[in-house]
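In: whatever this is, show me its structure:
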Amino acid sequence: MTINKYSIELFLDKTVENNFLGFDPYDGCATSCHLLKANKHLRLFCQYFNKFSPINFRPLLGIDKHIMPQVLAYFGLIVFNEKLENKFKPELDNAVSLLLEKSLFEEYGYHCWNSLGFPLQMRNSYSPSDIPDVVGGSLIGLFFLEYHKRYNSKIILEVLESQYSFFLNELFVPIGSDEAFIRYRPTQPNHKATYNASLLACNFLIQVGTYLNKRDHEKIKKCYNFVLNHQKITGEWFYTIDLKTQSEKKQVDFHQGFILDCILLFMEQYGFKEPYLSAYERGLSFYYKKQFLDTGQGIYRYPKKYPINIHNQSQGIITFAKASCIDMKYLQFARVIKKWTLANMFDFKKEYFYYLKFPVIKYDIPYIRWSDSNMFLALSTLKNIEANI
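Out: Okay, here's the model as predicted:
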């Protein structure tokens, strides 16, 4: 059995049958247990215990399946990729309605979303479910853009205008005269930047801004200048930077692919010019040579090899498939990653992808957002690029 159109369509069917409900590796704080929710240390334990446990203890901890806004956007984008909008039109409309219900417009005066829909307790921060973010928000915005192109919805046009203004009015942070970034969340201090999140927001601004004939090119260009100026000489980017101390979080993983895709989109819009082209090629070379094995297996966080994370696999397929416009060898490598991932991280009987895998342990828990939605979007993206060669 191979993954083909039927299998991608089957995933969409199953998503609809499950009413978009599912678990996520990060849903440890979505518990109904008041004791676990009330204490930071218990929230932290619940968060990381569920994230790294190979056994699903969620039913025992009062964690139900939930609808995540980001999943609704993934669903819509895969439907459009697969050209299945006639079959799934009622479900697309339902996804739009659910997203509008989950919009945080009343709280912020703009349409924006918390991409998970549940709180998140990390080691150094806590994010309640009513704090929006640009990573999921950008994906939701791109789904709305594709929906509007097909159905010309006045409401969705207003949503896109609102979201565009939210990013630039509330989250844009200038640095001197030539650099800027867009904050991950409204609660993120102005001196802390997340490279990939800023460019994912720019990805949305470029595509929606072009469609709406906006003229914010200079602001967007400054965000790219900031990220390019922090690329390492060997091609990689770290995860975040504190501008007060200039200290960076040294984490290199699938976010490298996010940044590369955003630079490629920028060049497709504004031209394949320097310094963007050199930065892209250097970053792509690092991604290809250092973050994947020749077999197609991704490196967890360079140089740490394990565990194998399905998000590294899916993002590798997307980034290398798109990079075929630079060199066709990358399209072949996207196929190598796909083949390895299907052979090692897909359960053909249960039809879902494993979240993590060690040499002798696999995480046999279905995760609708982190694992399946992203992987099926990757397979659909690769298929579309192959079809257009």
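In: which residues are contacting the helix or strand hosting Asp13?
Out: Assessed by DSSP states H and E, Asp13 sits inside helix 5-17. Helix 5-17 is contacted by residues 1, 71, 75, 78-79, 82, 84, 88, 91, 351, 368, 372-373, 376, 379-380, 383 when judged by CB atoms under 8 Å, 6 or more residues apart in numbering. No exception for glycine: its C-beta is placed from N, CA and C like everyone else's.
In: and the helices in the stretch 51-200 of the chain?
Out: Ranges of helices within the stretch 51-200 of the chain are 69-81, 89-102, 105-108, 134-151, 154-170, 195-212, based on DSSP state H, counting those that start in this stretch.
In: I'd like to know which helix or strand in this protein has the lowest mean pLDDT.
Out: Across the helices and strands of the chain, mean pLDDT, DSSP states H and E gives its lowest value to helix 34-38, namely a mean of 83.
In: still on that earlier bit, okay, the angle between the helix holding Asp13 and helix 89-102?
Out: Helix 5-17 runs at 50 degrees relative to helix 89-102, counting by axes from the mean of the first three to the mean of the last three CA atoms, to 10 degrees.
In: quick check: buried residues in helix 5-17?
Out: By 16 or more other CB atoms under 10 Å, the buried positions in helix 5-17 come out as 7-9, 11-12, 15-16.
In: show the subsequent helix or strand relative to that helix.
Out: Using DSSP H and E, the helix or strand that follows helix 5-17 towards the C-terminus is strand 21-22.
In: mind listing what that following strand pairs with, with the direction of each?
Out: Paired with strand 21-22 in the same sheet, following DSSP bridges, are strand 66-67 (antiparallel).
In: give me the low-pLDDT residue ranges for the stretch 101-250 of the chain?
Out: Nowhere does the stretch 101-250 of the chain drop to pLDDT under 70.
In: can I get the CA coordinates of the least confident helix or strand of the chain in CSV?
Out: In CSV, the C-alpha atoms belonging to helix 34-38 read as follows (Å, rounded to 0.1, in the frame of the first residue of the first chain):
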residue,chain,number,x,y,z
HIS,A,34,-8.7,21.6,38.7
LEU,A,35,-5.8,20.5,40.9
LEU,A,36,-3.5,19.9,37.9
LYS,A,37,-4.5,23.3,36.4
ALA,A,38,-4.1,25.4,39.5
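In: show me the contact partners of it.
Out: Helix 34-38 is touched from outside by 29, 31, 42-43, 46, 61-62, 119, with contacts defined as CB under 8 Å, 6+ apart.
In: the residues you listed, buried ones only, as a PyMOL selection?
Out: In PyMOL, a selection of the buried entries from the contacts of helix 34-38 looks like this (16+ other CB under 10 Å):
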select buried, resi 29+31+42+43+46+61+119
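In: between the contacts of helix 34-38, which is closest to Ala201?
Out: Pro119 (22.0 Å; CB to CB).
In: my read: that closest one touches Ser127, true?
Out: Yes: with contact defined as CB atoms under 8 Å, Pro119 counts as touching Ser127 (6.4 Å).
In: what sits against Leu100?
Out: Contacts of Leu100 by CB under 8 Å, 6+ apart are 155, 159.
In: quick thing: my sequence starts at 43, can you match it?
Out: Yes, from this point I'll number from 43; that puts the last item at Leu142.
In: what about it, distance to Ser320?
Out: 42 Å (CB to CB, to the nearest Å).
In: my read is that Lys380 contacts Leu421, right?
Out: Yes: counting by CB under 8 Å, Leu421 is a contact partner of Lys380 at 6.7 Å.
In: who's in contact with the closest residue to Asp295 other than its chain neighbours?
Out: Excluding the flanking residues, the one nearest Asp295 by CB to CB, 6 or more residues apart in numbering is Arg343, at 4.8 Å. The contact partners of Arg343, taken as CB under 8 Å, 6+ apart, are 293-295.
In: many thanks, I have nothing further to ask.
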